[in-house]
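build the 3D model from these lines:
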Amino acid sequence: MQTTDLTKVAIDDVPPNRKRGGDLRVLLSPKTCGATSGFMGVGTLEPGEFVSEHYHPHSEEFFHAVRGTVLIRVEGRELLLEPGESFMVPIGVRHRIENPGGEQAFVAFFLSPLAPRPELGHVDCEPLPGEGTLPEVGEVTWPRAQ
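Numbers count the residues shown, from 1 in each chain. So this is what the prediction gives:
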């Protein structure tokens, strides 16, 4: 019988990543907890902030608005998410996330399945607004460490 470590990751355990815009934090991933099927995180967007347009050639992306209003631009169409609402972006579909409101927005996101390699998982479609490096998701290693 396999024993599983119990891994808990708090928002403050992960430094903010602002390269693609907003404050993005990948919480549960191959790097942080040995995930093998996807990764999840949270994003905080101040009024007027955005996450630059991109797509995922191998993954669906799921969003859930927790606080504030989030505008998702999906291939030229607009969709507003209010707190308590969720939306899925299909594989290969360009999207951009914005905070059009006057208060801070907070969203949770999840991507699955994982790309074959981390560098194949995200394609940027516009210049990146922030500084620093790109978020690290990590790579699945098989067999998974016990």
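
only C-alpha atoms from now on, for both contacts and neighbour counts.
Fine.

what residue lies at the spatial centre of this protein?
When the chain is reduced to its mean C-alpha position, the nearest residue by C-alpha atoms, centre = their mean turns out to be residue 109, at 4.9 Å.

just checking, next helix/strand downstream of the strand or helix carrying it?
With secondary structure defined by DSSP states H and E, residue 109 is part of strand 105-112. Following strand 105-112 in sequence order, the next helix or strand is strand 123-124 (DSSP H and E).

so what strands line up beside that next one?
strand 50-55 (antiparallel) (DSSP bridges).

what about the closest residue to the residue nearest to the centre of the chain other than its chain neighbours, which helix or strand?
Across the structure, with C-alpha to C-alpha, 6 or more residues apart in numbering as the measure, the residue nearest residue 109 apart from its sequence neighbours is residue 63 (4.6 Å). According to DSSP H and E, residue 63 maps onto strand 60-67.

and residue 31, by the same measure?
Using DSSP H and E, residue 31 maps to helix 30-33.

and that helix, which residues are buried?
Buried positions in helix 30-33, judged by neighbour count with 16 or more other C-alpha atoms under 10 Å: 30, 31, 32, 33.

out of those residues, which comes closest to residue 79?
Lowest distance from residue 79 to the buried residues of helix 30-33 (C-alpha to C-alpha) belongs to residue 30, with 30.4 Å.

isn't the residue nearest to the centre of the chain up against residue 66?
No - under the criterion of C-alpha atoms under 8 Å, residue 109 lies out of contact with residue 66, with a separation of 10.5 Å.
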